[in-house]
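**Q** Give me a model of this one.
(chains A and B)
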Amino acid sequence: MGFRVLKPGMLTTVQDLGRYGYQSQGISVSGVMDVRSFKIANLLIDNPENEACLEITLIGPTLEFTSATIIAITGGDFSPTINGKPAPMYTAIYMNKGDILKFASARTGSRCYVAFSSYLDIPVVMGSRCTNMKSITGGFKGRKLQADDYIGFRIKRRYLPFFLSRTLPPEDFTKEFAELRVIMGPQSDMFTKQGIDTFLGEEFTVTSEFDRMGCRLDGPFISTKNGSDIISDGIAFGAVQVPAHGKPIIMLADRQTTGGYAKIATVASVDIPKLVQRKTDHKIRFRAITVEEAQKLYLSELEELGGMRKIIHQPCKEVLDCRLVAKRLTTLFVKEEE
Amino acid sequence: MMPNIKILTEGDSSILIVFGNEVSPEINRRISATIELLKNQHIEGVIDMIPSYCALLINYKPEITPYAVMRKRLESILAMDVKSSVSSKHVVEIPVCYGGEYGPDLQHIADHAGLTPEEVIKIHSSRDYLIYMIGFLPGFCYLGGLDERIHTPRLANPRLRIREGSVGIGGSATGIYPMDSPGGWQLMGLTPVKTFDASREVPILLQAGWYVRFVPIDEQEFERIRELVAKGEYECVVHDEEVE
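**A** Down below sits the predicted model:
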């Protein structure tokens, strides 16, 4: 009961919302990079908000299912196929024993999420199922997936009501530019006025040094008053460090817990997904907002997600169209017979 | 509120409390005491706290406690008298087998200091080190107070793999590697104690605000303790001592 990894892809890991409560001991939070796509994948199949999923990066894996389940795929478009036929994204999909789920490389975005209604059989370590590769802790053996790995399920396939309604409009990951709203601080007072103007006024470019730990940007020099070294302190998700070289580094899911570079600003939670779905050479601009505005945006996103949950729990309009119902039912019967 | 304390935003889900701008045991004790207070007061929505040399980062859920409310709660807690709550010093003994294959750089440290290896061991193990903060690796302690006589520059060429449990010196700092890791510190010994073990109920042995005391052991004792550790039966000796 589970799936076998035929090809692992570039970086496929088990993730959830992260391991909080242990940063004072030097253990990073880890967890998903794109929280929004992760939450939508889980909500499409009525999973708990924090249920562990697969995070797929740039080049996707090939998985063979050894039992039936229901999945949902969200995030960047990796041209997923099931037994060679295109699989819909942002839709609950029945998977049957023997089905091959294959991802190509990222056509849009750079990360994609797969949620499983049978729940991944991954032990909870320090309160989370997420993978911390540096500590070799949590997730599947504390590492990224490899060929021949087998991940089991915790439960059998569940019944999901309103199955035909479980589809949402796919999100747009085609843009090569992102405006990131930031909250200034905590160490913005270490930068010159010119440095702040550069940060908020100029365009930056995503470099190839972009991984789960952080994203280095290239661009004009951001000047400080007296250097950018601080006495090391804690680092939040999305904090923008500017080391002595004057180029911003945005700290992401696998960030170390503490660091010694001044943080000019921190990206608003709702805009982190925009950054982590970008690729090398894409352009970034920053715009300052207040912490109150950022929290308002965050709360409206939670409301928006609540709205999605309502949409997928209503009887499907297609039910009124016999041909469409017949079409969808046919696909189900074909699979059940196998 | 105590003077010089600043409450700063670090994004929409974290607040950074800055207690000062220097590395001092007094500021560190204040931070430890504040953490105790915050735990006792239990502010809803707080999901993690990261203490460092002179600051405390608080991660919280804005949907449970929004910024303005969180800030007010923190201000009132910071206004409380925190000094009285820390009256003892918690010392954990870490047994270390110094020199030989356990500490390949001990002779170098001694040569650099113009001392004998025995003198280096004596100096290193004769004082308690305050754990200012934990970071870099799981359970990696930033220890303060290394005797100046045995300060030793890092290796010019860092080792690709330093054994878990290695005790070393890097410049003016001393510490224990909680896991195999690359690193440039001068290695003086090895402890059989695991400062990080993900499979243990409490994975991290040491906490910021505590003290470490290194206790020299020989190879037989090292093996004895190592076997107990493997069986999960070893407990470090701890002392709670009064502080003035």
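**Q** from here on, contacts and neighbour counts on C-alpha atoms
**A** Will do.
**Q** residue ranges with poor pLDDT in the chain?
**A** Chain wasn't specified; assuming chain A. Within chain A, the segments meeting pLDDT under 70 span A:317-320, A:334-338.
**Q** The intended chain is chain B.
**A** Those would be B:1-3, B:81-87, B:244, if you go by pLDDT under 70 across chain B.
**Q** Name the residues that touch the longest strand belonging to it?
**A** The single longest strand within chain B, with elements called by DSSP state E, is strand B:88-98. By CA atoms under 8 Å, 6 or more residues apart in numbering or on different chains, the residues outside strand B:88-98 that reach it are B:103, B:106, B:121, B:128, B:167, B:188-193, B:206, B:210-219, B:222, B:236-243.
**Q** Please type out the PyMOL selection for whichever of those turn out to be buried.
**A** Only the buried entries of the contacts of strand B:88-98 go into this PyMOL selection, using 16 or more other CA atoms under 10 Å in any protein chain shown:
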select buried, chain B and resi 103+106+121+128+167+188+189+190+191+192+193+206+210+211+212+213+214+215+216+217+222
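**Q** Show me the contacts of strand B:88-98 that map onto strands.
**A** B:128, B:167, B:188-190, B:211-216, B:238-242.
**Q** End to end on stretch B:15-27, go ahead and measure it.
**A** 18 Å (CA to CA, to the nearest Å).
**Q** Just give me how far that stretch sits from the chain centre.
**A** 16 Å (CA atoms, centre = their mean, to the nearest Å).
**Q** Packing partners of the longest helix seen in chain A?
**A** When chain A is parsed with DSSP state H, its longest helix is helix A:291-311. Packing contacts for helix A:291-311, counted by 3 or more CA pairs under 8 Å, 6 or more residues apart in numbering or on different chains; DSSP states H and E, involve helix A:35-44, helix B:67-78.
**Q** I'd like to know which elements the very next helix or strand once past it is packed against.
**A** Past helix A:291-311, further along toward the C-terminus, the next helix or strand under DSSP states H and E is helix A:322-337. Contacting helix A:322-337 under the criterion 3+ CA pairs under 8 Å, 6+ apart is no other helix or strand.
**Q** tell me what the helix ranked longest in chain B is packed against?
**A** Across chain B, the longest stretch assigned as helix under DSSP H is helix B:25-41. Under the contact criterion of 3+ CA pairs under 8 Å, 6+ apart, helix B:25-41 touches strand B:46-51, helix B:67-78, strand B:128-134.
**Q** Tell me if the last one is near chain A.
**A** Right, the one you point to is strand B:128-134. Yes - Strand B:128-134 comes into contact with chain A (CA under 8 Å from any CA of the partner chain), by way of B:133-134.
**Q** Now do that strand against helix B:25-41: the angle between them, please.
**A** 60 degrees (axes from the mean of the first three to the mean of the last three CA atoms, to 10 degrees).
**Q** contacts for the helix or strand following strand B:128-134?
**A** Downstream of strand B:128-134, the next assigned helix or strand under DSSP H and E is strand B:141-144. Strand B:141-144 is contacted from outside by B:129-135, B:173-176, B:206, B:208, using CA under 8 Å, 6+ apart.
**Q** partner strands of the helix or strand just after strand B:141-144, parallel or antiparallel?
**A** Where DSSP H and E defines the elements, the next helix or strand beyond strand B:141-144 is strand B:159-162. When pairs are called by DSSP bridges, strand B:159-162 turns out to pair with strand B:181-183 (antiparallel).
**Q** ok now the strand it pairs with, how far from the chain's centre?
**A** Centroid separation between strand B:181-183 and its chain, computed with CA atoms, centre = their mean, is 18 Å.
**Q** Pull out the buried positions in that strand.
**A** By 16+ other CA under 10 Å, the buried positions in strand B:181-183 come out as residue B:183.
**Q** Where do the domain boundaries of chain B fall?
**A** Domain ranges of chain B: B:6-85, B:88-242, per automatic domain parsing.
**Q** quick one on the thing from earlier: ok, the contacts of strand B:141-144 vs chain A, which is closest?
**A** For those, the closest approach to chain A (CA to the nearest CA) belongs to residue B:135, at 4.0 Å.
**Q** about what we covered before: comparing the helices and strands packed on helix B:25-41, which comes out most buried?
**A** A comparison of the helices and strands packed on helix B:25-41 by mean neighbour count, using mean count of other CA atoms under 10 Å in any protein chain shown, puts strand B:128-134 on top with a mean of 25.
**Q** Mind listing residues that contact it?
**A** Residues contacting strand B:128-134 (CA under 8 Å, 6+ apart): A:24-26, B:25, B:28, B:51-53, B:91, B:140-146, B:207-214.
**Q** Give me the angle between it and strand B:211-216.
**A** Strand B:128-134 runs at 120 degrees relative to strand B:211-216, counting by the same axes, to 10 degrees.
**Q** partner strands of strand B:128-134, parallel or antiparallel?
**A** Here strand B:128-134 has these sheet partners by DSSP bridges: strand B:141-144 (antiparallel), strand B:211-216 (antiparallel).
**Q** what residues are up against the residue in chain A positioned nearest to chain B?
**A** Scanning chain A for proximity to chain B using CA to the nearest CA identifies residue A:26 as nearest, at 4.0 Å. By CA under 8 Å, 6+ apart, residue A:26 lies in contact with A:256-258, B:134-140.
**Q** Out of these, which end up buried?
**A** Here, 16+ other CA under 10 Å leaves A:256-258, B:134-140 buried among the contacts of residue A:26.
**Q** For chain A, see how far away residue B:104 is.
**A** Between residue B:104 and chain A the distance is 25 Å, computed by CA to the nearest CA, to the nearest Å.
**Q** residues contacting that residue?
**A** B:187-189 are the contacts of residue B:104 under CA under 8 Å, 6+ apart.
**Q** quick one: it from residue B:179, how far?
**A** Counting by CA to CA, the gap from residue B:104 to residue B:179 is 18 Å.
**Q** Residue A:176 is in contact with residue A:285, isn't it?
**A** No - between residue A:176 and residue A:285 there is no contact under CA atoms under 8 Å: 11.6 Å.
**Q** Partner strands of the helix or strand where residue A:5 lies, with direction?
**A** Assigned by DSSP H and E, residue A:5 belongs to strand A:2-7. Strand A:2-7 has its sheet partners listed here by DSSP bridges as strand A:62-65 (antiparallel), strand A:150-152 (antiparallel).
**Q** May I see the buried residues of the first one?
**A** Of the residues in strand A:62-65, A:62-65 count as buried by neighbour count, 16+ other CA under 10 Å.
**Q** of all the residues you listed, which two lie farthest apart?
**A** Comparing every pair within the buried residues of strand A:62-65 by CA to CA identifies A:62 and A:65 as the most remote, at 10.0 Å.
**Q** Find the residues that touch each one of those two.
**A** Residues touching both residue A:62 and residue A:65 (CA under 8 Å, 6+ apart): A:100-101.
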